[in-house]
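Undergrad: I need the structure of the sequence given here:
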Amino acid sequence: MASVFEQLCRVLLAEPAPTLAVAQDTTSATVSSIAVTLERKMRESAYDVYVCYHEADEAEVFQIGEALKARDILPWFDFLAPLAG
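TA: Numbers count the residues shown, from 1 in each chain. As a prediction, this is how the structure comes out:
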């Protein structure tokens, strides 16, 4: 049985997203639009999903983060949270 993490990776990485490579074949307007939206969301702290993970999974999690952003979904990673103190 695949873990939830493995299932999420398969779903996110299986479908093509509007990335720079895709945009070169079609139009850069899609990539530009996503970049503008993500920038606005960051300025407004309007994150779409919170991502918490074990450090051993960091490389895979960042790949998932890039796949989410390519789909106009802004992730907030747990390392971005201020440390309690």
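
Undergrad: Tell me the first helix or strand C-terminal of the helix or strand hosting residue 58.
TA: Element membership for residue 58, per DSSP states H and E: helix 58-70. The element immediately downstream of helix 58-70 (helix or strand, assigned by DSSP H and E) is strand 75-77.

Undergrad: Please enumerate residues in contact with that next one?
TA: 47-53, 61, 64-65, 68-69 (CB atoms under 8 Å, 6 or more residues apart in numbering). To be clear about C-beta, it is placed using only N, CA and C from the backbone, and glycine gets the same treatment.

Undergrad: Which of the residues you listed ranks first by neighbour count?
TA: residue 61 (22 neighbours; other CB atoms under 10 Å).

Undergrad: Surely that one is in contact with residue 50?
TA: No. At 12.0 Å, residue 61 does not count as touching residue 50 under the criterion of CB atoms under 8 Å.

Undergrad: check which helix or strand covers residue 29.
TA: Using DSSP H and E, residue 29 falls within helix 28-43.

Undergrad: Taking helix 58-70 as reference, get the angle to that helix.
TA: Comparing the axes of helix 28-43 and helix 58-70 via axes from the mean of the first three to the mean of the last three CA atoms, to 10 degrees yields an angle of 110 degrees.
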